[in-house]
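Asker: what follows is a predicted structure for the sequence shown.
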Amino acid sequence: SRDYMHINNAIESFTALDENVCVRNMNKSDLQWVLGWAEKEEWNPGLYDVEPLYAVDPEGFYVLEIKGKLIASLSAVKQSQRLVFMGLFIVLSEFRGLGYGSMLWDVVMQKIRSFPTIGLDAVVNQVSRYEKSGFRSHFLNTRWQGKAGNIVNASNSTIETNEVFSIDDLLEYDREVFLTSRKSFLIPWIKMPESRVLVAFDTHKKIVGYGVISRKIRGYKIAPLCANNETIATTLLRGLSQFIDGDSEI
């Protein structure tokens, strides 16, 4: 719904004002730096997120810099030939309100506008802004936090959980959930330091759920957590929580 000819003209006019403005792809060092920005925004990224995130689409991360100084970031990671997911949209506080964020947004949107589906997570007070760009709200994410030792025990069940599993079977299960292969992301994600993987099986040794717990700057995070039903999900949640100290935050 956006007027891309207008965007092109706006970008040309903008860059003509300052030839030192540059939009380019991030490298891994840039991404590590930007995750530091995310920490200051209280997003609590993982200590080892760079490798798995970057592996999905090395060309899907962008920065805007002025005279070599990074001032804004935005990711547009290609999950498949039909899906791009955006994130890490951050402008340093001292440069906000000057149009740099809008410029970076428009440049990146031009690169991905041919994809049938573009998704993102938005904080509540920014939903209306994204709706003006043609996005529609579909889901509300709720985040929960607590101490590992306080997680309620799962009810007794015959569900088997194990850290031993076939990686091919796990990738196939995840593909059925996510609707596209996430091999490039999932393999380095489950191999991160200070992380554990727990897989649930039915009586036929078929995977019916799995979860990953990993170290964050503050505490731990469980993600992904996929399960065929609530009982399996609860069992995995309890099992993953037992891998860490009871006083640790999840």
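Answerer: Received it, and whenever you're ready, just let me know what you need.
Asker: lowest-confidence helix or strand of this protein?
Answerer: Taking mean pLDDT, DSSP states H and E as the measure, the chain has helix 4-17 as its least confident helix or strand, at a mean of 41.
Asker: now do stretch 29-41: everything it contacts.
Answerer: 26, 44-45, 49-50, 53-54, 61, 63, 70, 73, 88, 90, 92, 217 (Cβ atoms under 8 Å, 6 or more residues apart in numbering). Where C-beta positions appear, they are placed from N, C-alpha and C, glycine not excepted.
Asker: alpha carbons of that stretch, as CSV, please.
Answerer: The C-alpha atoms that make up stretch 29-41 are tabulated as CSV, following Å, rounded to 0.1, in the frame of the first residue of the first chain:
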residue,chain,number,x,y,z
SER,A,29,30.3,-7.7,15.0
ASP,A,30,27.6,-5.1,14.2
LEU,A,31,24.9,-7.6,15.3
GLN,A,32,26.6,-8.2,18.6
TRP,A,33,26.8,-4.4,19.1
VAL,A,34,23.1,-4.0,18.3
LEU,A,35,22.1,-6.7,20.7
GLY,A,36,23.9,-4.5,23.3
TRP,A,37,21.5,-1.7,22.3
ALA,A,38,18.6,-4.2,22.8
GLU,A,39,19.8,-4.9,26.3
LYS,A,40,19.7,-1.1,27.1
GLU,A,41,16.1,-1.2,25.8
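Asker: buried ones in that stretch?
Answerer: Within stretch 29-41, the residues scored as buried using 16 or more other Cβ atoms under 10 Å are 30, 31, 34, 35, 37, 38.
Asker: and what about the last one, helix, strand or coil?
Answerer: By that I understand residue 38. Going by DSSP: H, G, I helix; E, B strand; the rest coil, the secondary structure assigned to residue 38 is helix.
Asker: residue 73 contacts residue 92, correct?
Answerer: No: between residue 73 and residue 92 no contact is recorded; they are 9.3 Å apart, counting by Cβ atoms under 8 Å.
Asker: which of the two has more residues huddled nearby?
Answerer: More neighbours sit around residue 73 than around the other of residue 73 and residue 92, counting by other Cβ atoms under 10 Å; the figures are 26 against 15.
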